[in-house]
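K.L.:
A structural model of the following input is requested.
(one chain, ligands or ions: 1)
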Amino acid sequence: MSAPQQMHQQTPADTLQPAAGNTALVLFSGGQDSATCLAWALSRYDRVETLGFDYGQRHAIELQVRKPLLAAMRTLKPEWRERLGDDHLLDLSVLGEVSDTALTRGTAIAMQANGLPNTFVPGRNLLFLTLAAALAYRRGLTVLVGGMCETDYSGYPDCRHGTLQALQSALQLGMANDVTIATPLMWLDKAATWALAEELGGTSLVELIRSDTHTCYLGERGALHDWGHGCGHCPACELRAKGYREYRARQAA
Ligand code: ZN
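P.N.:
This next block holds a predicted model:
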């Protein structure tokens with residue numbers, strides 16, 4: 001077995017990175033961020049499994065791109081093929097029953113009085129990570145990897161570093177183990193997330209993420225833009241397009 005722990009370099013991007021534990025469960029939605037997180041995990045853990053959630057999201061196209069993406073990730077590097085294990089999909093349709101948001105209903109995306117867009121699904125990441133921890137417990141996986149980020153984001157409070165630190169403490173207490181949460185994108189802007197993908201998997205990973213991941217809230221695939229597929233107007237598309245263009249501009253500089 002190789003020792004991916006030795007490859008780990010402490011950066012501001014992974015403050016929550018654990019000291020021990022050579023296996024990981026990646027929250028893998030099929031979007032740009034989670035695909036980058038998967039590459040990050042495959043570059044440092046001996047065994048990596050993936051988890052997706054079906055919560056009646058409008059952009060259910062995400063769920064369709066997951067399997068082909070996983071298959072393609074396996075072809076990028078021999079060690080990635082070796083390390084990438086089972087994929088899990090959990091039905092979380094109850095989330096659509098308890099929340100009324102633009103991600104689970106047909107309503108237009110808009111800013112709310114509390115300063116959060118109505119794409120915010122309250123408690124989504126808390127639920128995702130709690131279920132991930134329960135699955136990781138059963139599967140013997142010690143690190144939960146998520147693409148949460150508070151640099152270039154929509155202001156979701158459950159993406160913040162402080163929230164995830166508190167949740168990690170609660171999970172460790174509640175499960176009586178040393179499960180940890182790693183968030184490699186936490187302090188990166190979207191352009192830096194593209195650059196991280198290039199660093200981890202070269203231009204073939206960047207191209208795979210550009211053409212095969214899905215981020216658009218409206219679930220539009222349509223034409224392939226320079227930054228990928230999507231409507232081009234929703235907050236997720238705007239962030240993705242802006243990040244991609246900044247990444248290209250930084251490359252050219
Ligand atoms: Zn869009």
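
K.L.:
now the strands for the stretch 51-200 of the chain?
P.N.:
84-91, 143-145, 180-182 (DSSP state E, counting those that start in this stretch).

K.L.:
could I get those as JSON lines with distance to residue 124 and mean neighbour count?
P.N.:
The way it works is simple: take the backbone N, C-alpha and C, and place the C-beta from them, glycine included. Below are the strands of the stretch 51-200 of the chain laid out as JSON lines (distance: least, Cβ to Cβ, whole Å; neighbours: other Cβ atoms under 10 Å):
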{"stretch": "strand 84-91", "distance to residue 124": "13", "mean neighbour count": "15"}
{"stretch": "strand 143-145", "distance to residue 124": "15", "mean neighbour count": "27"}
{"stretch": "strand 180-182", "distance to residue 124": "15", "mean neighbour count": "23"}
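
K.L.:
any chance of TSV for those strands, columns mean pLDDT?
P.N.:
Output for the strands of the stretch 51-200 of the chain, formatted as TSV (pLDDT from 0 to 100):
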stretch	mean pLDDT
strand 84-91	96
strand 143-145	98
strand 180-182	97
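
K.L.:
among these, which is nearest the ion?
P.N.:
Comparison of the strands of the stretch 51-200 of the chain against the ion by Cβ to the ion identifies strand 84-91 as nearest, at 23.1 Å.

K.L.:
hmm, who's touching the closest one?
P.N.:
Contacts of strand 84-91 with the rest of the structure, by Cβ atoms under 8 Å, 6 or more residues apart in numbering, involve 28, 38, 42, 47-54, 63, 66-67, 70, 73-74, 131, 135, 139.

K.L.:
now do that strand: distance to the chain's middle.
P.N.:
Mean-position distance between strand 84-91 and its chain equals 14 Å (Cα atoms, centre = their mean, to the nearest Å).

K.L.:
likewise for stretch 169-176?
P.N.:
With Cα atoms, centre = their mean, you get 22 Å for stretch 169-176.

K.L.:
and what of stretch 200-215?
P.N.:
14 Å.

K.L.:
that older thread, make CSV from the strands of the stretch 51-200 of the chain and add distance to the ion to it.
P.N.:
Output for the strands of the stretch 51-200 of the chain, formatted as CSV (distance: least, Cβ to the ion, whole Å):
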stretch, distance to the ion
strand 84-91, 23
strand 143-145, 25
strand 180-182, 28
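
K.L.:
of the ones you listed, which is nearest residue 214?
P.N.:
Set against residue 214 and scored by Cβ to Cβ, the strands of the stretch 51-200 of the chain come closest in strand 84-91, at 15.3 Å.

K.L.:
how about residue 24, secondary structure?
P.N.:
strand (DSSP: H, G, I helix; E, B strand; the rest coil).

K.L.:
surely it and residue 146 touch.
P.N.:
No - in this structure residue 24 lies outside contact range of residue 146 using Cβ atoms under 8 Å: 10.6 Å.
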